[in-house]
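Undergrad: test case, fold it:
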Amino acid sequence: MLRRTVSLAAVSVLCASQAWACAFHSYNPQITFVERLLGSEHIVLARPSKAQPFRFAEIEVLEGTADYVDIPHLVDSNARRRLAANPEDHILFARDGAYGPWQRVAYVNDAMGDVLDVVMEELPEWEMGADDERFAYFASLLNHPDKEVHALALRELDLADYSLLRELSLEVDPARLTSRLGLRSEADLRPIRVLLLGLSGDRVDQTFFEVGLAKSSDYSGGLLGALAMAMIEHGGSAAALRLVNNHLLERDLSPASRELLIEVLAIHGTVGDEDTRDTISSALGQALRKDPQLVAMAARQLGARWDWSQSALISELMRSGAVKSPLDMLVATQYVALAEENAELVQN
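TA: Numbers count the residues shown, from 1 in each chain. Here you go, the predicted model:
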């Protein structure tokens, strides 16, 4: 038990050394439709009051009680026009508890109403962690003709772990995804759109990802990570090798960008095919020899995924004096110690 506690503490230090080191997207996705409802005890549909058209008063309770339902939000002019023209439409609101602030969740037309019906029925299961079913449902909505349902599906899929995302049954429409990549109003959807393009197979040219990565590599963020992930997903081992040689070893990149690229390699090193995994292991090892400044970054990202493939090399680089920073030495030492402990547990 003590050994396990030490192991978990060491992994937490590996991940905590940099604020951005353990998050693939390196940004905070919006709170989604489902996440908002999962965290709410009170869920209602509302329309403007006939007597006071700027206030919500016509309430249909979906979860909770009708007591103390007084929505302070004013009806904006756009919603007022849409609701007036569509008497069956509503605005969905939710709040945590009886006195929490009301949050506007979505405009609910017929198409969104169908989604809401499914979500409300499945919420108890999803609250218990049925992620496979949850994300499979939203994958089925990916090509929905209603643009708001389409955007909702993208935001929900943006929360899926990459290993789960690539296992889903995805019918990707590259033309639809690329046509909206430049929209500023949907900038938060660029990473998931790029990830899906990477999973679309031969229908997207590899140069799309490579050119995008080159343009984005001077800063770190969700789009950079998504482009690198999609580049390897689409191009396989050859693309992984190019990512290391043409981008990771570029010392003008910020440390945040370089670690994000290592995180991408670490993820593909666990979910990719055998050829890709072998290529990543070899190329990353060569990169660490060429530039020991990458050692702590690799230790953090590999260690967070219980990947000990570089432990012997990192131990060698530490003993040779190639790792200079005391903090880097600490992270590398923890990684090697965890690798040795894991080997002992496997043997026993």
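
Undergrad: tell me which residues in stretch 141-158 are buried?
TA: Neighbour counts over stretch 141-158 (16 or more other CB atoms under 10 Å) mark 141-142, 144, 146, 149-158 as buried. Any C-beta I mention is one placed from the backbone N, CA and C, and that applies to glycine too.

Undergrad: err, stretch 88-100, not the other one
TA: Buried residues in stretch 88-100, counted by 16+ other CB under 10 Å: Asp89, His90, Ile91, Leu92, Phe93, Ala94, Arg95.

Undergrad: is it true that the fourth one touches Leu116?
TA: Okay, so that is Leu92. Yes. Counting by CB atoms under 8 Å, Leu116 is a contact partner of Leu92 at 6.7 Å.

Undergrad: name the residues contacting each of these two.
TA: Taking CB atoms under 8 Å, 6 or more residues apart in numbering as the contact rule, the neighbours common to Leu92 and Leu116 are Ala106, Val108.

Undergrad: chain center to whichever strand or helix holds Glu344, what's the gap?
TA: Secondary structure from DSSP states H and E places Glu344 in helix 326-347. From the chain centre to the centre of helix 326-347 is a distance of 28 Å (CA atoms, centre = their mean, to the nearest Å).

Undergrad: which elements pack onto that helix?
TA: With contacts taken as 3 or more CB pairs under 8 Å, 6 or more residues apart in numbering; DSSP states H and E, helix 326-347 sits against helix 2-16, helix 295-303, helix 311-320.

Undergrad: where among the ones you listed is the average confidence lowest?
TA: Ranked by mean pLDDT, the helices and strands packed on helix 326-347 bottom out at helix 2-16, with a mean of 46.

Undergrad: gap between the two ends of stretch 321-328?
TA: End-to-end distance for stretch 321-328, by CA to CA, to the nearest Å: 12 Å.

Undergrad: what stretches of the chain score poorly on pLDDT?
TA: For the chain, applying pLDDT under 70 flags the ranges 1-29, 218-221, 345-348.

Undergrad: what's the domain layout of it?
TA: Structural domains annotated on the chain: 2-27+205-347, 33-108, 123-157+160-199, as defined by automatic domain parsing.

Undergrad: which of the ones you listed sits most buried?
TA: domain 2-27+205-347 (a mean of 19; mean count of other CB atoms under 10 Å).

Undergrad: pull the distance from it to the chain's centre.
TA: Relative to its parent chain, domain 2-27+205-347 has a centroid offset of 17 Å by CA atoms, centre = their mean.

Undergrad: check stretch 137-146 too.
TA: 18 Å.

Undergrad: need the residues that contact that stretch.
TA: Identification of contacts with stretch 137-146 by CB under 8 Å, 6+ apart yields 109, 111-112, 115, 118, 122, 149-150, 152-154, 156-157, 168-173, 176, 196.

Undergrad: and that stretch, end to end?
TA: Terminal residues of stretch 137-146 lie 16 Å apart, using CA to CA.

Undergrad: surely Ser335 meets Met297?
TA: Small correction: residue 335 is Tyr, not Ser. No. At 10.9 Å, Tyr335 does not count as touching Met297 under the criterion of CB under 8 Å.

Undergrad: I'd like the distance between Lys215 and Val44.
TA: According to CB to CB, to the nearest Å, Lys215 stands 45 Å off from Val44.

Undergrad: hang on, the earlier thing: restricted to helices, list the buried residues of stretch 88-100.
TA: Under the assignment DSSP state H, the buried residues of stretch 88-100 contribute nothing to helices.

Undergrad: now, among the residues you listed, which is nearest to Val75?
TA: Comparing these against Val75 with CB to CB places Ile91 closest, at 8.0 Å.

Undergrad: please name the bridge partners of that closest one.
TA: Ala46, Tyr107 (DSSP bridges).

Undergrad: contacts only, for it.
TA: Listed by CB under 8 Å, 6+ apart, the contact set of Ile91 reads Leu45, Ala46, Arg47, Phe56, Ala79, Leu83, Arg104, Ala106, Tyr107, Val108.
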